[in-house]
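Chemist: Sequence unavailable; structure follows:
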């Protein structure tokens, strides 16, 4: 599921421009997806995948959201130095 989410965000055929506010929505969706796969019983024991497995699976997507949350001026300024 994380790979599909990532593929949609990186789709080169998309004509949509991303705004910094989009990251808030994407992050919320990511938390919902993680909660869906990391189900716990009434005493807090994992019934789906573990938190560690979910974190490992979603690590690259979280990195991508961090990049999308960066103003474009920041990397341009770093490259210009």
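Modeler: That came in fine, so what should we check first? Quick caveat, the model's predicted, so the values are computed rather than measured.

Chemist: Secondary structure class of residue 59, three-state.
Modeler: For residue 59, the secondary-structure state derived from DSSP: H, G, I helix; E, B strand; the rest coil is helix.

Chemist: all helices for the protein, in order.
Modeler: For the chain, the helices defined by DSSP state H occupy 2-10, 22-37, 51-68, 73-80.

Chemist: Residue 45 is nearest to which of those helices?
Modeler: Each of the helices of the chain was checked against residue 45 via Cβ to Cβ, and the shortest separation belongs to helix 51-68, namely 11.3 Å. C-beta coordinates here come from the backbone N, C-alpha and C atoms, glycine included.

Chemist: How about the closest one, which residues are buried there?
Modeler: Neighbour-count burial for helix 51-68 flags 54, 58, 61, 64, 65 (criterion: 16 or more other Cβ atoms under 10 Å).

Chemist: Straight-line length of stretch 40-48, end to end?
Modeler: Start-to-end span of stretch 40-48 (Cα to Cα, to the nearest Å) is 7 Å.

Chemist: Now tell me what touches that stretch from outside.
Modeler: With Cβ atoms under 8 Å, 6 or more residues apart in numbering as the contact definition, stretch 40-48 has outside contacts at 36, 37, 38, 39.

Chemist: now stretch 66-74
Modeler: 9, 18, 20, 22, 23, 26.

Chemist: Now the third one: closest residue in space, sequence neighbours ignored.
Modeler: If you skip the residues right next to it in sequence, residue 20 has residue 69 as its closest partner in space, 6.5 Å away by Cβ to Cβ, 6 or more residues apart in numbering.

Chemist: Next: the second one.
Modeler: Counting by Cβ to Cβ, 6+ apart, residue 18 lies nearest to residue 68, which is 5.8 Å off, once chain neighbours are set aside.
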